[in-house]
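>>> Below are the sequence and a predicted model for it; my questions follow.
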Amino acid sequence: MTISPLQKERLLYAPKLPGMLRHGISEICVREGAETQSVADQEKIKALFPNTYGKKEITFEKGKNTSAAKKQVVGVILSGGQAPGGHNVVCGLYDALKATDANNVLYGFKGGPSGLLEDDYIEFTDDFIDQYRNTGGFDIIGSGRTKLETEEQFAIAAEVAKKHGITAIVIIGGDDSNTNAAVLAEYFAAHNTGVQVIGCPKTIDGDLKNEDIECSFGFDTATKTYSEVIGNIERDANSAKKYWHFVKVMGRSASHVALECALETQPNICLISEEVAEKKMSLSSIADYIADSVAARAAKGMNFGVAIIPEGVVEFVPEFSVLISEINELLAGSKADEFNALPTWKDKYAFIENGLTKESMAVFAILPETIQQQLFLERDPHGNVQVSLIESEKLFSALVKAKLEERRKAGTYSGKFNPLHHFFGYEGRCAFPSNFDADYCYSLGYNAFMLIQYGYNGYLSKISNLSKPADEWIAGGMPITKMMNMERRHGEDKPVIRKALVELDGKPFKFFEANREKWAVETCYTFPGAIQYYGPSSVCDITTKTLALEKGE
Ligand code: FBP
């Protein structure tokens, strides 16, 4: 296989472990802390997790390793969307497992959780794993979005584990996958299988975080990758002075990615979905907000700018959510066939006009035709609108254009508005992990094995104090049930890890809020440049502004 010079160097990079895990396996001991409670709905969560609820938080420290000697056969699964550093979680897990006992075995279930159910796996070897050290991607074993959530699936998982003598399963995933890891851990405990389950917090979206988990892995690299390109675009905009760039960035629902990119690059506009929902902003008011910046800059002779749009924003616009549910209703069951049989878009439009409420029709009517058609034509297997496919960067630039035309007619605007559109998502999910993600992920995997070795079940691998240098990081574990509450999902009350949305009273948003008026009118762009893997630590090892602000730094 031909590899790039950078990959060649990265294979040799030695990820940094937290100081307390650096002494060698024989000198890692465990300190148990207080018993835990779930963040809310304690009685309900306790009743649902009688075997795994209320366990103690734990921290590793230097001392004599007192774990029981036992051959470990571990299975690892990558679950959900790719995030830079996933390979290093596997490498850290493998290295700790082999350093403990060369006879220990690590299996990788292929293609996500379905690999476990289908018993589709590989056994890792030194030669194989060495090709993936510090590389991006999940291609080492692949990933998938099958959810492990039914009793039937758990029974199959127990059978597969028994067949291979598996002692523990590590699930590398987001909030949903780790919720399911907790349910699987409870099932294994309740059925005396002796199999442990440990989770690792992954997602570029950054929405798996709480008082215990400071950030999910992949967020650092993905936001640095997007910020590099947004900074480059800003410089291009400021050089050519003729385009407004509308940049949509990934993040299925939370706006952490957009906010971090804004903190890194200081664009003219960044929408924050959580604020849109809180202020119940309409499409029209959002368009006015952006148009105000365009007009103010045009008045100063600057017919250019950059606006960051979070991927999930339209779902947070209350009137748009109502429109989406009305469309889903309008095309439910056989009505979709009736709609599809209509010969022209004009006929279809009349059908829509007839079926929507006056309010929703007013929202629908202001959308550009391409978006209108997208809402009706691209639907998921259940027939629902695929909101994530909506090109919101184009939607908002079209709405802004219409607003500017109105202002031009009213004589209050006389600038030029040439929008360009970008979507940054997949570009960042498999980048070479930054040093931070390479170190954090390796530590998460290494630490996951220590949790296994010490017999813990239903825990999330926890590395904290992350804004400090790695030797000051703290390694330990937290029962997943501590992060859970009850939420309504698909018409049922379910125990889930609470998804972390952007907090409007949090320090990252407050910093953004305090500066954005200036950024909207002036040109305050900052250029983070490409991720640096080699060079001074002040450039190569720093993590996100979000984390630094959250930590009060
Ligand atoms: P996870 O929550 O599984 O980490 O995935 C998040 C994400 O990267 C979102 O940002 C994006 O909306 C989505 O995955 C895209 O999913 P897919 O890979 O299925 O297209």
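Done, it's in. Numbering: from 1, shown residues only.
>>> And the strands in the stretch 201-350 of the chain, which stretches?
In the stretch 201-350 of the chain, the strands defined using DSSP state E, counting those that start in this stretch lie at 244-249, 269-270, 305-310.
>>> Residue 151 is nearest to which of these?
Closest approach to residue 151 among those (CB to CB): strand 305-310, 36.8 Å. In this view, the C-beta of every residue, glycine as well, is placed from N, C-alpha and C.
>>> So in that sheet, which strands flank that closest one, and in what orientation?
With DSSP bridges as the test, strand 305-310 is paired with strand 244-249 (parallel), strand 269-270 (parallel).
>>> Is it possible to get a markdown table of those that adds mean pLDDT?
Below are those laid out as a markdown table (pLDDT from 0 to 100):
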| stretch | mean pLDDT |
| --- | --- |
| strand 244-249 | 98 |
| strand 269-270 | 98 |
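>>> Output stretch 83-97 as PDB, restricted to C-alpha atoms.
In PDB, the C-alpha atoms belonging to stretch 83-97 read as follows (Å, rounded to 0.1, in the frame of the first residue of the first chain):
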ATOM      1  CA  ALA A  83     -14.900  11.000  14.000                       C
ATOM      2  CA  PRO A  84     -11.200  11.600  13.800                       C
ATOM      3  CA  GLY A  85      -9.300   9.500  16.400                       C
ATOM      4  CA  GLY A  86     -11.500   6.300  16.300                       C
ATOM      5  CA  HIS A  87      -8.500   4.300  15.200                       C
ATOM      6  CA  ASN A  88      -6.500   5.500  18.200                       C
ATOM      7  CA  VAL A  89      -9.200   4.400  20.600                       C
ATOM      8  CA  VAL A  90      -8.700   0.900  19.100                       C
ATOM      9  CA  CYS A  91      -4.900   1.200  19.300                       C
ATOM     10  CA  GLY A  92      -4.900   2.300  22.900                       C
ATOM     11  CA  LEU A  93      -7.300  -0.500  23.900                       C
ATOM     12  CA  TYR A  94      -5.100  -3.000  22.000                       C
ATOM     13  CA  ASP A  95      -1.800  -1.800  23.500                       C
ATOM     14  CA  ALA A  96      -3.100  -1.800  27.100                       C
ATOM     15  CA  LEU A  97      -4.700  -5.300  26.600                       C
END
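>>> Now do that stretch, average pLDDT.
In this model, stretch 83-97 has a mean pLDDT of 98.
>>> still on that earlier bit, out of the strands of the stretch 201-350 of the chain, which one sits most buried?
Comparing these by mean neighbour count (mean count of other CB atoms under 10 Å), strand 305-310 comes out on top with a mean of 28.
>>> For the ligand, tell me whether that one is touching it.
No: contact of strand 305-310 with the ligand (CB under 6 Å from any ligand atom) is absent, the minimum separation being 9.9 Å.
>>> For stretch 458-477, list every residue counted as buried.
Across stretch 458-477, burial judged by 16 or more other CB atoms under 10 Å covers 458-464, 466-467, 470, 473-477.
>>> avg pLDDT for it?
On average, the pLDDT along stretch 458-477 is 97.
>>> any idea which of the buried residues of stretch 458-477 is the one closest to residue 301?
Minimum distance to residue 301 across the buried residues of stretch 458-477 is 40.6 Å, recorded for residue 467 (CB to CB).
>>> Quick check: the closest one is in a strand.
No: Residue 467 is assigned coil when assessed by DSSP: H, G, I helix; E, B strand; the rest coil, not a strand.
>>> Go ahead and confirm it touches residue 546.
No: taking CB atoms under 8 Å as the definition, residue 467 is not a contact partner of residue 546, at 10.1 Å.
>>> before we move on, back to that, residue 353: which of the strands paired with strand 305-310 is closest?
Of all the strands paired with strand 305-310, strand 244-249 sits nearest to residue 353, with 28.8 Å by CB to CB.
>>> what number of residues lie near the residue lying closest to residue 413 once chain neighbours are set aside?
Closest residue in space to residue 413, ignoring its immediate chain neighbours: residue 407 at 3.7 Å, by CB to CB, 6 or more residues apart in numbering. Neighbour count for residue 407, taken as other CB atoms under 10 Å: 19.
>>> and the one helix or strand residue 407 maps to, what's its mean pLDDT?
Assessed by DSSP states H and E, residue 407 sits inside helix 392-409. Average pLDDT, helix 392-409: 96.
>>> The following helix or strand past that helix and the ligand in contact?
For helix 392-409, the following helix or strand on the C-terminal side (DSSP H and E) is strand 419-424. No: figure legend: strand 419-424 not in contact with the ligand (CB under 6 Å from any ligand atom); closest approach 10.6 Å.
>>> May I have the residues that are in contact with the residue in the stretch 101-250 of the chain that the ligand sits nearest to?
Of all residues in the stretch 101-250 of the chain, the one sitting closest to the ligand is residue 203 (3.3 Å; CB to the nearest ligand atom). Listed by CB atoms under 8 Å, 6 or more residues apart in numbering, the contact set of residue 203 reads 80, 81, 83, 173, 174, 175, 216, 218, 219.
>>> do that again at 7 Å, thanks
Residue 203 is in contact with 80, 81, 83, 174, 216, 218, counting by CB atoms under 7 Å, 6 or more residues apart in numbering.
>>> related to what we said a few turns ago, among the strands of the stretch 201-350 of the chain, which comes closest to residue 38?
Among those, the nearest to residue 38 by CB to CB is strand 305-310 (29.1 Å).
>>> hang on, residue 273 packs against residue 314?
No: Residue 273 lies out of contact with residue 314 (CB atoms under 7 Å); the separation is 8.6 Å.
>>> what does the stretch 251-400 of the chain have sitting close to the ligand?
Within the stretch 251-400 of the chain, the residues that sit near the ligand (CB under 6 Å from any ligand atom) are 251, 252, 311, 388.
>>> Up against the ligand, what does the stretch 1-150 of the chain have?
Residues of the stretch 1-150 of the chain found near the ligand (CB under 6 Å from any ligand atom) are 80, 81, 83.
>>> Most neighbours out of the residues you listed, which is it?
residue 83 leads those on contacts (other CB under 10 Å) with 35 neighbours.
>>> So what's the residue count around residue 193?
Look at residue 193: counted by other CB under 10 Å, it has 17 neighbours.
>>> Which residue, other than its chain neighbours, is closest to it?
residue 158 (5.1 Å).
>>> The one you found belongs to a helix?
Yes: per three-state DSSP, residue 158 lies within a helix segment.
>>> Tell me how many other residues crowd it.
Residue 158 has 17 neighbours, counted by other CB under 10 Å.
>>> again, but for residue 362
13.
>>> Return the backbone torsion pair for it.
Dihedral pair for residue 362: phi -60, psi -40, per degrees, to the nearest 10.
>>> three-state assignment of residue 461?
Per three-state DSSP, residue 461 ends up strand.
>>> My guess is it contacts residue 212. True?
No: between residue 461 and residue 212 there is no contact under CB under 7 Å: 10.9 Å.
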